[in-house]
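>>> below are the sequence and a predicted model; questions follow.
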Amino acid sequence: MSESMRKLRVGCIQITVSANKAENVARAVEKIREAKKRGAELVVLPECFNSFISNDYYGKYAEPIPGETTNILSKLAKELEIFIIGGTIPENDGDKLFNTATVWGKSGELMGKFRKMHLFDIDIPNEMTFRESDSLSPGNELTIINIKDFKIGLGICYDVRFEELAKLYRKQGCNLLVYPSAFGMKTGPLHWELVGRSRANDNQLYTVLTSQGRDLNGPYVAYGHSYVADPWGKMLFMAGTDDELFIVDLDLDVVDKVRSNIPIFIQRRADIYDTVQKN
Ligand SMILES: NC(=O)CC(=O)C(=O)O
């Protein structure tokens, strides 16, 4: 097996968004170009990189896929010969709205898309209430993308809290999970680092969590601090709160080593418990 197939240079992009969709997309394009110059093979954008995170905006900003924003990602992937995980955008399909991640290959082809499966419906009285299900519908399908020898499972933000989803990906052979995200200021300080490192440690794989940057004047203030955790659960890099691009090198030898040193997957008591995919 070729050595280079087992390594992947990933550009993680944290950007703030404004009410101006074209400006948001232009900011993402600029960062993708910069990531390419810095040698990235795959870039990852955050959740809702072209739209505010708000039930008041999803309908207004929604597009079909393919559509205005994703056509730009497709053309850019082809021009730069780079893989793009296009964060997420509000997607309209018939009379429904979804929060959807798309993945673009080096020929500009759509390699797959994932619709947020667990909608962010929480109520912490007087602190944080959000009901994505007031406007969005959930996706029902896992999405796995193959890039080099990396088998990449997709989730979106709140999905990272659900260990069962990550476990299903792991059981299907994933060695990298990518979550375009935007935790808020209540749960971010408590859980943001905890959940992504936990999924990495539980499943002995890399996790990439990209966030919107923090804008105190927007309708939803994101925590920021995009990061990558390795299969030991170790933090490889964590961003600050402003717009930022960082590059990490992933290596499947690390995945193999952790899995052989601490072989929890052959020690699981599936006779007593299991995580079963229903469809
Ligand atoms: N915004 C989300 O989808 C999730 C989140 O902020 C949290 O889980 O906390």
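Looks like it arrived, so ask away. Numbering: from 1, shown residues only.

>>> all strands for the stretch 101-250 of the chain, in order.
Here the stretch 101-250 of the chain has its strands, by DSSP state E, counting those that start in this stretch, at 110-115, 121-124, 128-131, 144-147, 150-154, 176-181, 206-211, 227-229, 235-238, 244-251.

>>> each with direction, which strands does the longest one pair with?
Sheet pairing of strand 244-251 (DSSP bridges) gives strand 7-14 (antiparallel).

>>> could I get the average pLDDT for the strand it pairs with?
Averaged across strand 7-14, pLDDT comes to 98.

>>> now the strands of the stretch 101-250 of the chain in TSV, with distance to the ligand?
(Glycine included, C-beta is placed from N, CA and C.) Converted to TSV, those look like this (distance: least, Cβ to the nearest ligand atom, whole Å):
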stretch	distance to the ligand
strand 110-115	13
strand 121-124	7
strand 128-131	7
strand 144-147	21
strand 150-154	14
strand 176-181	7
strand 206-211	10
strand 227-229	15
strand 235-238	17
strand 244-251	19
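
>>> out of these, nearest to residue 4?
strand 244-251 (10.9 Å; Cβ to Cβ).

>>> show me which residues of the stretch 51-200 of the chain are close to the ligand?
Contact residues (Cβ under 6 Å from any ligand atom) of the stretch 51-200 of the chain with the ligand: 120, 157, 158, 161, 182, 183, 184, 187, 191.

>>> residue 59: which of those is nearest?
Taking Cβ to Cβ as the measure, residue 59 lies nearest residue 120 of those, at 16.5 Å.

>>> so residue 185 sits against residue 218, correct?
No. Residue 185 lies out of contact with residue 218 (Cβ atoms under 8 Å); the separation is 11.4 Å.

>>> C-alpha coordinates for stretch 268-277, PDB please?
Written as PDB, here are the backbone C-alpha positions of stretch 268-277 (Å, rounded to 0.1, in the frame of the first residue of the first chain):
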ATOM      1  CA  ARG A 268     -16.700  -5.200  23.100                       C
ATOM      2  CA  ARG A 269     -19.400  -7.300  24.700                       C
ATOM      3  CA  ALA A 270     -21.700  -7.200  21.700                       C
ATOM      4  CA  ASP A 271     -23.500 -10.300  23.300                       C
ATOM      5  CA  ILE A 272     -24.800  -7.900  25.900                       C
ATOM      6  CA  TYR A 273     -25.000  -4.600  24.000                       C
ATOM      7  CA  ASP A 274     -24.700  -3.300  20.500                       C
ATOM      8  CA  THR A 275     -25.300  -0.400  18.200                       C
ATOM      9  CA  VAL A 276     -27.300  -1.600  15.200                       C
ATOM     10  CA  GLN A 277     -28.000   0.300  12.000                       C
END
